[in-house]
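In: Based on what follows, work out the 3D shape:
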Amino acid sequence: MEESLWKGKPFNFGFPSFTKYEITESRIIIEKGIFTKRRDEIRLYRVRDISTKRNLFERMISIGDITVFSSDTNHAEFKLRNIKQSTQVADVLGTAVEKSRIKHRSLDVAGLVE
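Out: Residues are numbered from 1 along each chain as shown. Purely as a prediction, here's the structure:
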């Protein structure tokens with residue numbers, strides 16, 4: 001079982017959100033929907049870049065958007081919207097991406113050597 005590094009929902013100013021985000025050791029999981037659930041996963045070793053966006057109001061209430069750019073053909077660019085403490089979450093994601101890349105490369109090398 002993978003360790004969950006972060007779980008959260010978008011901050012919707014008191015309105016219910018039917019979107020859930022989770023960052024694990026090897027992937028980002030996005031679940032959306034109330035009656036029909038859709039679950040998307042992005043492997044962390046496919047992430048190429050991470051950026052955050054916070055306007056003045058968002059900085060005042062400590063939320064922001066995290067944009068993830070990946071080599072995944074289905075999810076080349078996606079956003080985690082209205083995330084509380086978005087810069088800290090982006091740092092957690094960035095660290096997990098680096099660890100996943102190192103782990104993935106070492107598995108590839110081990111597979112080639114045998």
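In: What sits closest to the residue nearest the centre of the chain if chain neighbours are left out?
Out: Central residue of the chain (Cα atoms, centre = their mean): I28, 4.5 Å from the mean position. Leaving aside its sequence neighbours, I28 sits nearest to I42 (Cβ to Cβ, 6 or more residues apart in numbering; 4.6 Å). Heads up, the C-betas are built off the backbone N, CA and C, glycines and all.
In: Within the sheet, what are the partner strands of the host helix or strand of the one you found, with directions?
Out: Secondary structure assignment for I42, by DSSP states H and E: strand 38-43. When pairing is defined by DSSP bridges, strand 38-43 lines up against strand 27-32 (antiparallel).
In: Identify the residues contacting the strand it pairs with?
Out: Contacts to strand 27-32, defined as Cβ atoms under 8 Å, 6 or more residues apart in numbering, come from residues 2, 18-23, 37-44, 47, 68, 78, 80, 93.
In: Then stretch 67-87?
Out: 8, 10-12, 19, 21, 28, 30, 40, 42-43, 46-54, 58, 62-66, 89, 93.
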